[in-house]
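[1] need a structure here:
(3 chains)
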Amino acid sequence: MAQMRSKAEGQILDVRNLRIEAVTETGKRVTLVDDVSFTLDAGEVLGLIGESGAGKSTIGLSALVYARTGCQIAGGEILFHGRDVRQLDMRGRQNLRGVRVAYIAQSAAAAFNPAHTLFDQVTEVALQHGVMNRAQARRDAVRLFGELELPDPETFGNRYPHQVSGGQLQRAMAAMAMIARPDLLVFDEPTTALDVTTQVEVLASFKKLIREHRTAALYITHDLAVVAQVADRIMVLRGGKMVEQGPATRILQKPEMDYTRMLVAERVAAEQSRFVEGHAEGDRPILEVRNVVAAYRGTIKVVDDVSIDVQRGDTLAIVGESGSGKSSLARVIVGLLPRQQGNVVFDGVTLRPRLQDRSKEQLRRIQMIYQMPDVALNPRHTLLDIIGRPIQFYFGKGRGEVRARVEDLMRQIDLPADYINRRPHELSGGQKQRVCIARALAAEPEIIICDEVTSALDPLVSDEILRLLRRIQDETGVAYLFITHDLGTVRRVANKVAVMLKGKIVASGPTEQVFSPPFHPYTGLLLSSVPEMRPDWLDEVLSRRRKAG
Amino acid sequence: MKLFGLRLTSTALVGIFIILACVGGAVFAPWIAPHDPNLPLGGRWGPPSAEHWLGLDQIGRDMLSRILYGGRISIGLALLATVLAFVVGIVTGFAAAVFGGWVDIAFSRIADVVLSIPILMSALIIISGFGTTTTVLVLTIGFLYSVLVFRVARAVAMNIAVLDYVEVARLRGEGLMWVILREILPNALPPLAAEFGLRFCFAFLFIAALSFLGLGVQPPDADWGSMVKESALAIPAGIAAPLYPAAAIALLTIGVNLVVDWLLSIYSRPQGENA
Amino acid sequence: MLKLLGQRLALGFLTLIVVSVLIFAVTEWLPGDIATNILGQQATPENVAAIRAELGLDRPPQERYVEWLLGAVQGDFGQSLANKRPVGDVIGPRLWNTLFLAVYAAVVAVPLSVLLGVLAAIYRNSVYDRAVNIGTLAAISMPEFFIGYILILFLAVQFRWFPAIATFKPEQSFGQHLYSTFLPMLTLVLVVIAHMMRMTRTSVLAVMSSPYIEMALLKGLSKSRIVVRHALPNALAPIINVIALNLAYLIVGVVVVEAVFTYNGLGRLMVDAVSKRDVPVVQACGLIFAVVFIGLNLIADVLSILSNPRLRHPR
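    Have a look, this model is predicted:
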């Protein structure tokens, strides 16, 4: 029982020289985590920070002596209450997992079994390990649901996973992790998949849970501002190696290593960068969207009476949460989703609703860049094929001229010239996105629609991409329509912004004006929900909202 | 060892060797067959000997020579039917995926109806209506299998057609042929290649089964399936003669399956590791 | 969900109607002058006229189709051209024999292959799994008659454990029935089991690689509980489909296996009728197989809808 375990005293976890390896299909060994050491005291929260591929999740899972298929813990010690859990047999590991160390995954929607009710799944650990009987477990689950501010805690658990919202499911997973009162929780990017406004609430619930139960935690995230709210100490990782670790405030305010400094600087820039200036030329907007209405399958209205203007050489950001209709608006403009009402006017000419009815020249002048460079590039084509095709297609250039122009464009996006015969899988994520930009530029467009172009990239990489886009705008005077959910991105690239909610534009104008008080209530909610690096940000937001609400 | 830059496994190597042996035996039958396949050379069911490695059949013809010649018909017909099925299946499948709308609905409904009863039943019914000629046989199997290929080709093309790079091409204003030939086809080829091997196996077994039932290849021609049927009476007498052509069928199918398994294992791997 | 089930039922019925039209068209209408076709060499004017009269070929095809379908619904499939007996009388006992063999094989094959397939998925990449992979690959590659003749050669001719020819006498007891049809059953089982195991293994593996299974592992649950409680309920729908699909293989396999063991079933009857071009018998057999097959798929569809928690507990 809980009391018999040495609860909440002294050191809980002591990881020494951890090494985790993966074996690739070709039989090659790759080191994922290399010589990582850290300790964790009772009630302490250690934040693991790093970009993708840093080994954060792999380290987190090793606390449960678990390695994903193809990986194995190859070296080092994992001491839990002074005992090396790597020596445990299957049975011993089962008794550790879920009971003394529990895991909270990024996507609760995937981590909950669709076939069973939430009660069944939340209480399962306690029942299977004989920690409580059914009635006790059920009562405890209800209490945890209440603590996590889930609606109708008494009956919440009777529902199936697909019957509750994403934010609620994420909290239900925290209840599932807490049910056996573990000594250690492993949070693996638990709020990354959520919208910002939901993230604040879930984050607050998690923080409350950890504090009140004085449970130690490993908190894995790529977001410095999120980790600042929950962590006592932070460890920065890169490529499976530790960069530095120390008290949270020290790491965030006086980082010692260059890499950490870069991460922090990027984040500060996102929070505090000055609003960008516009380049607007001429009086007639290049793109005018007038009272556009569009629906999927003719009935589900996703864009509802939307009007926007984009000036030549300007950047307009459309910002909104998932399901707000911002990407649908982009699809209406390019003609992939034919509008039902309203007009889309480009350079004074009304565009036909359907892509197929537009002229080649009209298509050329509006280009689009996507969120996932991986699927936006044909894996069987070389960079020459990919970037060269628009040049050949729109301008009818011969082979030699195409090649020369492709080389020019590659120089412009800072890719080495000898990459010209490479295929996309030989490039990194950031390089792929650059190729997508070059392909758009090859058409010499007047406006480029950027649909969440940095969302799939790591912060430092996306910072480079944003810089590149701005430089290109300075050089070519192209206009951008920037679709994003990230307000930091808006600040950094857009001089104008339109805020979308449920298919409608609720606020629009120069970014500085829209993002300064007095703002529309929803803009205010969005702005106040973006995490900031000040450790007391979350508490401030909550107390402010409590006062207001 | 490598083939087209791909690492060969030992099982794939065995499969390739089997296929080469079977196809080689069929192609070069006139040169390597020890005897005339249609000439009775001895008594009924003569046992295997140095002269007749696999013995003699029910009217005293050399079994090995008959198997070598029979392979030409068995493999040839199956290949013909599979190629026919692929040409029809890929064209309709890609059309359904790219055009969508009523084209897709029409083709898909036809496929649903045709596949709502087992293919052997459909084949029997068609043969009862049109007779047991080789042309009917190949056309029937080609048509019925084209429906299966249609489903696979449609699914493969659909998966690719929704990817952003295809959308990019459409947004650029590319014509249909470019989208199909340059964007979709190159990415659809690997899964379709594996599918071709698989379908060949089934078509091959299918023709053998029909011939065995007396509804496929008709005398005086003989494929491996009809050879089993002709010599079936030997079995109750404890003579293994019909097992030889049957074993040839099994051998080639195993060979192709081994190669297909290898192809599938390669292409199901994610591309690139630096993503 | 009731609406969905109703839709499936209506769709199944509609498919059956379309299939019956196709069967009729392919056998009696599309091939052109079928009276001459049927008779081949013996197509004297008198014989042709006799067949025409018998099949009523002077009337328009749609009229003949409606009459045929209405008759079929009431169990009247017309008269066999070969022996002039009512088709229903010819088919009746044959259908029973085939169903007996198919059910016999299914009862053995389904539980066995699901169990073995699930085990192969759980012990993935083990020696057992690899042996299963090679064994099933070989079994899939072998024609049914190859397996059948090998079994006859060894178990019937060499060791004389079982009869080589599966005869069926009314005075036999149920046990004797099972004994005399053991070899054809075993042949069918061997063919079907390979397919079913492979597909079961694949669908269980797909479920086993989902994040909620990893979550269950991280909750410290035992392997057996993870499989029984977390994997199986979600693998049920795919497994049901695998079973339905393979019962279809079974129906197809029956045709060949009946020929190997000279077993008097519907499959052999149909093959005989096809080679003699006994149109009414072919039509009747085709329709019966279609009903069984479409019915099986419908049942599988309904069961997998019923096993889907998202449909059972709508938002």
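
[2] could you pull out the helices for the stretch 1-150 of chain C?
    Ranges of helices in the stretch 1-150 of chain C, per DSSP state H, counting those that start in this stretch, are C:2-24, C:34-39, C:45-55, C:61-73, C:87-122, C:127-141, C:144-151.

[3] Save these as TSV, and put in mean neighbour count and distance to residue C:198 too.
    Bear in mind the C-beta positions are built from the backbone N, C-alpha and C, glycine included. Formatted as TSV, the helices of the stretch 1-150 of chain C follow (neighbours: other CB atoms under 10 Å in any protein chain shown; distance: least, CB to CB, whole Å):
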stretch	mean neighbour count	distance to residue C:198
helix C:2-24	15	27
helix C:34-39	18	41
helix C:45-55	14	45
helix C:61-73	15	37
helix C:87-122	19	7
helix C:127-141	16	5
helix C:144-151	24	17
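
[4] Could I get the pLDDT score of the residue minimising distance to the centre of chain A?
    For chain A, the residue nearest the mean C-alpha position is residue A:192 (5.2 Å; CA atoms, centre = their mean). Note on residue A:192: pLDDT of 87.

[5] One more: residue C:229?
    89.

[6] Any regions of the stretch 251-400 of chain A where pLDDT drops low?
    Along the stretch 251-400 of chain A, segments meeting pLDDT under 70 span A:279-282.

[7] and it, which of its residues are near chain B?
    Proximity of the stretch 251-400 of chain A to chain B, by CB under 8 Å from any CB of the partner chain, involves residues A:334-336, A:355, A:358, A:360, A:363-364, A:367-368, A:370, A:372, A:374-381, A:389-390, A:393-394.

[8] rerun that using 10 Å as the cut-off
    Neighbours of chain B within the stretch 251-400 of chain A, by CB under 10 Å from any CB of the partner chain: A:331, A:334-336, A:355-356, A:358-364, A:366-381, A:385-386, A:389-390, A:393-394.

[9] how about the helices of the stretch 1-150 of chain C in JSON lines, adding distance to chain A and mean pLDDT?
    As requested, the helices of the stretch 1-150 of chain C are arranged in JSON lines below (distance: least, CB to the nearest CB, whole Å; pLDDT from 0 to 100):
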{"stretch": "helix C:2-24", "distance to chain A": "16", "mean pLDDT": "89"}
{"stretch": "helix C:34-39", "distance to chain A": "48", "mean pLDDT": "68"}
{"stretch": "helix C:45-55", "distance to chain A": "49", "mean pLDDT": "75"}
{"stretch": "helix C:61-73", "distance to chain A": "38", "mean pLDDT": "84"}
{"stretch": "helix C:87-122", "distance to chain A": "14", "mean pLDDT": "88"}
{"stretch": "helix C:127-141", "distance to chain A": "15", "mean pLDDT": "85"}
{"stretch": "helix C:144-151", "distance to chain A": "35", "mean pLDDT": "88"}
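
[10] Once you drop chain neighbours, what's closest to the residue nearest to the centre of chain A?
    Nearest non-adjacent residue to residue A:192, counting by CB to CB, 6 or more residues apart in numbering or on different chains: residue A:106, 5.6 Å away.

[11] What's the separation between that neighbour and residue A:33?
    As for residue A:106, its distance to residue A:33 is 18 Å (criterion: CB to CB, to the nearest Å).

[12] With neighbour numbers in mind, choose between the two.
    Ranked by neighbour count (other CB atoms under 10 Å in any protein chain shown), residue A:106 and residue A:33 place residue A:33 first, with 28 against 21.

[13] thinking again about what came up before, on the three-state scheme, the residue nearest to residue A:192 is what?
    Put simply, residue A:106 is coil when judged by DSSP: H, G, I helix; E, B strand; the rest coil.

[14] Tell me who's in contact with it.
    Shown in contact with residue A:106 (CB atoms under 10 Å, 6 or more residues apart in numbering or on different chains): A:57, A:170, A:173, A:187-194, A:220-221, C:211.

[15] ChimeraX command for the buried members of the residues you listed?
    In ChimeraX, a selection of the buried entries from those looks like this (16 or more other CB atoms under 10 Å in any protein chain shown):
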select /A:57,170,173,187,188,189,190,191,193,194,220,221 /C:211
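
[16] Sitting in helices, which of the contacts of residue A:106 do you find?
    Under the assignment DSSP state H, these contribute A:57, A:170, A:173, C:211 to helices.
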